[in-house]
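A.B. asks: Following is a predicted model, sequence given first.
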Amino acid sequence: MWQSEAWNGQEAAFRFSLTVMAVLIFVVLPDRDLEEKARAKDSQPANRRAAETDKTHEES
């Protein structure tokens, strides 16, 4: 048969699938830092935002 009598690979396959699932869960989690920065940016007065945008364009 195709399976080895000494090593069947189930433990390694389980570890691999568990690692893949953990990485997928981590990737799907929301990034709270980005949300906080977006909220902070939205709460700035329009004049200040426009001034910051102008500075950014001048630097580039």
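C.D. replies: Done, it's in. If you're wondering where the values come from, they're calculated on a predicted model, not measured in any experiment.

A.B. asks: What residues of the helix or strand hosting Val20 count as buried?
C.D. replies: Using DSSP states H and E, Val20 falls within helix 10-28. Within helix 10-28, not a single residue qualifies as buried, counting by 16 or more other CB atoms under 10 Å. From N, CA and C alone the C-beta is placed, and that goes for glycine too.

A.B. asks: Mind checking the pLDDT average for it?
C.D. replies: What helix 10-28 shows for mean pLDDT is 95.

A.B. asks: and the next helix or strand along the chain from it, C-alpha only, in CSV?
C.D. replies: Per DSSP H and E, helix 10-28 leads on to helix 32-43 as the next helix or strand towards the C-terminus. Provided in CSV are the C-alpha atoms of helix 32-43 (Å, rounded to 0.1, in the frame of the first residue of the first chain):
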residue,chain,number,x,y,z
ARG,A,32,-7.6,48.1,15.4
ASP,A,33,-4.6,50.5,14.8
LEU,A,34,-5.8,51.3,11.3
GLU,A,35,-9.4,51.9,12.6
GLU,A,36,-8.1,54.3,15.3
LYS,A,37,-6.0,56.2,12.8
ALA,A,38,-9.0,56.5,10.4
ARG,A,39,-11.2,57.8,13.2
ALA,A,40,-8.5,60.3,14.3
LYS,A,41,-8.1,61.5,10.8
ASP,A,42,-11.9,61.9,10.3
SER,A,43,-12.2,63.9,13.6
